[in-house]
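**Q** Below are the sequence and a predicted model for it; my questions follow.
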Amino acid sequence: MAKMRTVDAAVAILEKEGATEAFGLPGAAINPFYSAMRAHGGIRHTLARHVEGASHMADGYSRAADGNIGICIGTSGPAGTDMITGLYAAQADSIPMLCITGQAPVAKLHKEDFQAVDIESIAKPLTKFAMTILEPGQVPGAFQKAFQLMRSGRPGPVLLDLPIDVQMAEIEFDIDAYEPLPIEKPKASGKQLEKALDLLTAAKHPLIVAGGGIINAGASAQLVELAEILNVPVIPTLMGWGAIPDDHQLMAGMVGLQTSHRYGNETFLQSDFVIGIGNRWANRHTGGLDTYTAGRKFVHIDIEPTQIGRVFSPDLGIASDAGAALDGLLELARERQAAKTLPDYSGWVAECQERKGSLHRKTNFDNVPIKPQRVYQEMNKAFGRDTTYVSTIGLSQIAGAQMLHVFGARKWINAGQAGPLGWTAPAALGVVRGTPDATVVALSGDYDFQFMIEELAVGAQFNLPYIHVVVNNSYLGLIRQSQRGFNMEQNVSLAFENINSPETNGYGVDHIKVAEGLGCKAIRVEDPNDLPAAFDKAKALMGEFKVPVVVEVILEKITNISMGVEINGVNEFEELAETAADAPTAILTKA
């Protein structure tokens, strides 16, 4: 056995567990850990400008590819509390992420020492596991347990807090004798899946709701194959978007109050059976449960047993990893296909395709200032099938989800449940780290962009190129729209006359100057006809300089985006598409 510092053992464990991408900020109480990373040399570290930003970078990295676990590292006290929003975003969307904090010496923890905070207690509600490690000999086991928990069952984040004296202590440790703990995931039985398939095939208008658990399980191909064998349409949730390509003939649209398609909602309302796989029945997806559940039976398959029945009681609940369930359903479906006992759903599929071909929102507006719908139309034209979109919250995210197109798993990276403003830019940097050869395009409103705008400098310093589309209406647009119900418009305007940038015409912050001051490239667009050239120029600048490129689009200040409180009562504020020319990039169907 070799004698070494606990931090040297911990870094060796990170490498063996396959977690070698870190984001953070060094400081006094975590410097021993940084010294271990330096000595080891196998952990790449990206220096953030804010610890919350580092946590979102780690989150974005984890979401970017199957099996990724991003690491966020910070010193004691406020570094840990800065990570809390990142932990919440990861926990809410079932994302594995490891946060490591420094801490005051063990003997000082009860003395209100400088930057000593009980981060374990603060983080526990937002993690699968949070621990202040008080004994040096517990360090290897704590890291071992952390990785097992992050990967087992419903994935999620963990936090390990390391007092500085525990970091410096020496222990006996042999990395060759270290083995990762087995990953525990429930698996549906054949009998359970037989019952689920029996319920589906007894229906006339069945649907598959594909949740983010399918993405987490890396099981998108199995989903598509199952849908094709059964010839049953698929409704992806916001977190499951991309599990089936948007242009697949069985992709029936998204359902919900905001990030939804008109044809998706209409198709859902015509269904009589729904099997949800790896989804949570989130409230922005379901709306009122009486409307959502009326006239249809439900099967719910989820990796976390306590999720089943949390929102409403299904007719059949099955605790299972989405991939295992899909594998089992595929085997049964193939058997029934060979025996020619599967129902013919071609008429139902044709109905869904008809709705998908006709119920679209208009995007082809020529207004100046620019209407946001036109921005997404031009993005569809400018960016190809392999584009990975990153977004978080606001009218930009809602309208983007209604009008953009996604063609594969992990091509839509979104903080869906927590929706923290400021998440988009740092998360996009993490996605670039996780998929360096991908075309990454972030989408923000002006306020989301301003929240953590300093992280653009990280992209410039470390050459992490992506395109950041900022739709700027100088408003908190989603909040303004929600205030309509209170007959007010209170504290939502971001506009002011910028004495240093009169060219912003009262839109306030000069994002171009700020982005350029942080080492990035930036373009402002005020005429919709200039959008194609701007996106082409952004791609060229990104390729030439290897830094983030901001494309700021000056929008009309007031736009109401389609949304409602029931899936059968979404308010449409704009004209609807009457001809193909009204929505030239809308996906109709694919034979």
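**A** Alright, I've got the coordinates.
**Q** Now stretch 472-490 - C-alpha only, PDB.
**A** What follows is stretch 472-490 as a C-alpha-only set of coordinates in PDB (Å, rounded to 0.1, in the frame of the first residue of the first chain):
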ATOM      1  CA  ASN A 472     -33.400  41.400 -27.000                       C
ATOM      2  CA  ASN A 473     -36.700  43.100 -26.300                       C
ATOM      3  CA  SER A 474     -35.300  45.000 -23.300                       C
ATOM      4  CA  TYR A 475     -38.000  43.400 -21.200                       C
ATOM      5  CA  LEU A 476     -38.500  40.600 -18.800                       C
ATOM      6  CA  GLY A 477     -40.900  39.300 -21.400                       C
ATOM      7  CA  LEU A 478     -42.300  36.200 -19.700                       C
ATOM      8  CA  ILE A 479     -42.900  38.000 -16.400                       C
ATOM      9  CA  ARG A 480     -44.500  40.900 -18.300                       C
ATOM     10  CA  GLN A 481     -46.800  38.500 -20.000                       C
ATOM     11  CA  SER A 482     -47.700  36.800 -16.700                       C
ATOM     12  CA  GLN A 483     -48.500  40.200 -15.200                       C
ATOM     13  CA  ARG A 484     -51.300  40.700 -17.700                       C
ATOM     14  CA  GLY A 485     -53.500  38.700 -15.400                       C
ATOM     15  CA  PHE A 486     -52.900  41.400 -12.700                       C
ATOM     16  CA  ASN A 487     -53.600  44.200 -15.100                       C
ATOM     17  CA  MET A 488     -50.100  45.600 -14.600                       C
ATOM     18  CA  GLU A 489     -46.700  45.900 -16.100                       C
ATOM     19  CA  GLN A 490     -44.500  46.300 -13.000                       C
END
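**Q** Mind listing what's buried along it?
**A** 472, 473, 474, 475, 476, 477, 478, 480, 481 (16 or more other C-beta atoms under 10 Å). In this view, the C-beta of every residue, glycine as well, is placed from N, C-alpha and C.
**Q** Residues in contact with that stretch: which ones?
**A** 372, 393-396, 398, 445-447, 491-495, 506-508, 511, 552-561, 563 (C-beta atoms under 8 Å, 6 or more residues apart in numbering).
**Q** Quick check: mean pLDDT of that stretch?
**A** Mean per-residue pLDDT for stretch 472-490: 83.
**Q** List the contacts of residue 72.
**A** 22-24, 51, 54-55, 57-58, 83, 86, 97-100.
**Q** Give the phi and psi angles for it, as a check.
**A** phi -120, psi 130 (degrees, to the nearest 10).
**Q** cool, and residue 311?
**A** phi -100, psi -50.
**Q** Please apply the same query to residue 35.
**A** phi -70, psi -30.
**Q** Quick check: the residue lying closest to residue 440 once chain neighbours are set aside vs residue 406, distance?
**A** Nearest residue to residue 440 in three dimensions, chain neighbours excluded: residue 466, at 3.9 Å (C-beta to C-beta, 6 or more residues apart in numbering). For residue 466, the distance to residue 406 equals 16 Å [C-beta to C-beta, to the nearest Å].
**Q** can you pull out the strands in the stretch 251-400 of the chain?
**A** 273-277, 297-302, 316-319, 388-391 (DSSP state E, counting those that start in this stretch).
**Q** Give me the angle between the second one and strand 273-277.
**A** In this case it means strand 297-302. 0 degrees (axes from the mean of the first three to the mean of the last three C-alpha atoms, to 10 degrees).
**Q** Now tell me what touches strand 297-302 from outside.
**A** Contacts for strand 297-302 (C-beta under 8 Å, 6+ apart): 154, 188, 196, 199-200, 203, 211, 213, 272-281, 307-309, 312, 314-320, 322, 325.
**Q** same question for it, mean pLDDT?
**A** The model assigns strand 297-302 a mean pLDDT of 98.
**Q** Tell me what the residue nearest the centre of the chain is bridged to.
**A** With distances taken as C-alpha atoms, centre = their mean, residue 414 lies nearest the centre of the chain, 2.7 Å away. Beta-bridge pairing for residue 414 (DSSP bridges): residue 391.
**Q** I'd assumed residue 392 was in contact with it.
**A** Yes: counting by C-beta atoms under 8 Å, residue 414 does reach residue 392; the two are 6.5 Å apart.
**Q** list the contacts for the residue nearest to residue 109 when sequence neighbours are not counted?
**A** Distances taken as C-beta to C-beta, 6+ apart put residue 116 closest to residue 109, at 6.1 Å, once the chain neighbours are dropped. For residue 116, the contacting residues are 76, 77, 103, 104, 108, 109, by C-beta under 8 Å, 6+ apart.
**Q** For the strands of the stretch 251-400 of the chain, give me JSON lines that also has mean neighbour count and distance to residue 14.
**A** Converted to JSON lines, the strands of the stretch 251-400 of the chain look like this (neighbours: other C-beta atoms under 10 Å; distance: least, C-beta to C-beta, whole Å):
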{"stretch": "strand 273-277", "mean neighbour count": "26", "distance to residue 14": "32"}
{"stretch": "strand 297-302", "mean neighbour count": "25", "distance to residue 14": "30"}
{"stretch": "strand 316-319", "mean neighbour count": "19", "distance to residue 14": "31"}
{"stretch": "strand 388-391", "mean neighbour count": "27", "distance to residue 14": "25"}
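**Q** Nearest approach to residue 171 belongs to which of those?
**A** Ranking those by their distance to residue 171 (criterion: C-beta to C-beta) puts strand 316-319 first, at 38.3 Å.
**Q** could you say what helices and strands the closest one packs with?
**A** helix 190-201, strand 297-302 (3 or more C-beta pairs under 8 Å, 6 or more residues apart in numbering; DSSP states H and E).
**Q** Would you mind telling me which of the ones you listed is nearest residue 40?
**A** Here strand 297-302 is closest among the helices and strands packed on strand 316-319 (C-beta to C-beta), at 38.3 Å.
**Q** Would you mind getting the angle between that closest one and helix 190-201?
**A** Using the same axes, to 10 degrees: strand 297-302 against helix 190-201 is 140 degrees.
**Q** give me the number of residues near residue 82?
**A** Neighbour count of residue 82, defined by other C-beta atoms under 10 Å: 20.
**Q** Now for it: which residues touch it?
**A** Contacts of residue 82 (C-beta under 8 Å, 6+ apart): 50, 51, 52, 55, 74.
**Q** I'd assumed residue 85 was in contact with the second one.
**A** No: using C-beta under 8 Å, residue 51 makes no contact with residue 85, being 9.9 Å away.
**Q** Tell me which of these two has more neighbours.
**A** For residue 51 versus residue 85, neighbours defined as other C-beta under 10 Å are more numerous around residue 51 (27 against 20).
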